[in-house]
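# no sequence on hand, only this structure:
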């Protein structure tokens, strides 16, 4: 998980860690699961990250440190876990922190649902009940890792 995903669901993190520990692969992710942006889990060894860091000077690789795991060709073994909650696959909701609008959404969700722990389902249900908040960052275009600024 990354710093721009403050609402990451702990159950998704556990799913990724469990899969990593049992699958004997280099990298486990749910990045293509369809969950709202901000719920991507990526699990890998720190030694592998050091290998990647030493092998590149590409600015995109520095900002998006896991690109070498899923760009072709890759020497790494990768496991994409299936959605833990298929009913929560929603690509129309942003729960990531890249813009001022994202911050407004995240603040509204945490003020409404916190301070107790909550998961992605709780956040989705609250946003569905508050479409005015959900629409605050709906227009934000998520740049691809190698998209020019």
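Thanks, I have it. Source: prediction; values computed, not measured.

# and stretch 104-124, what's buried?
105, 106, 108, 109, 113, 118, 119, 120, 122, 123, 124 (16 or more other CB atoms under 10 Å). All C-beta atoms are positioned from the backbone trio N, CA, C, and that covers glycine.

# looking at those, which are in strands?
Judged by DSSP state E, strands contain none of these.

# mind putting those into a markdown table with distance to residue 142 and pLDDT?
Converted to a markdown table, the buried residues of stretch 104-124 look like this (distance: CB to CB, whole Å; pLDDT from 0 to 100):
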| residue | distance to residue 142 | pLDDT |
| --- | --- | --- |
| 105 | 14 | 98 |
| 106 | 15 | 97 |
| 108 | 20 | 98 |
| 109 | 18 | 98 |
| 113 | 23 | 97 |
| 118 | 23 | 94 |
| 119 | 22 | 94 |
| 120 | 17 | 95 |
| 122 | 23 | 96 |
| 123 | 17 | 97 |
| 124 | 18 | 96 |
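
# what residue ranges in the protein score low on pLDDT?
Applying pLDDT under 70 to the chain flags the ranges 145, 147-149.

# 90 instead?
Residue ranges of the chain with pLDDT under 90: 1-3, 31-33, 49, 52-75, 84-85, 88, 91, 114-117, 141-149.

# so what are the domain limits for it?
With automatic domain parsing as the criterion, the domains of the chain are listed as 10-87, 88-137.

# do you know which of those domains lies nearest residue 146?
Ranking the domains of the chain by proximity to residue 146 (CB to CB) places domain 10-87 first, at 5.1 Å.

# got a list of what the residue nearest the centre of the chain touches?
For the chain, the residue nearest the mean C-alpha position is residue 40 (2.1 Å; CA atoms, centre = their mean). Residues in contact with residue 40 (CB atoms under 8 Å, 6 or more residues apart in numbering) are 1, 2, 5, 29, 30, 31.

# swap in residue 81?
Residues near residue 81 by CB under 8 Å, 6+ apart: 15, 16, 19, 28, 29, 30, 33, 41.

# which ones among those are found in helices?
Taking DSSP state H, the ones among those that sit in helices are 15, 16, 19.

# okay if I get the residues you listed as CSV plus neighbour count?
Putting those into CSV (neighbours: other CB atoms under 10 Å) gives the following:
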residue, neighbour count
15, 21
16, 21
19, 19
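
# what segments of this structure are helices?
10-23, 46-54, 59-63, 67-70, 100-113, 120-129, 131-134.

# since that was my last question, I'll sign off now.
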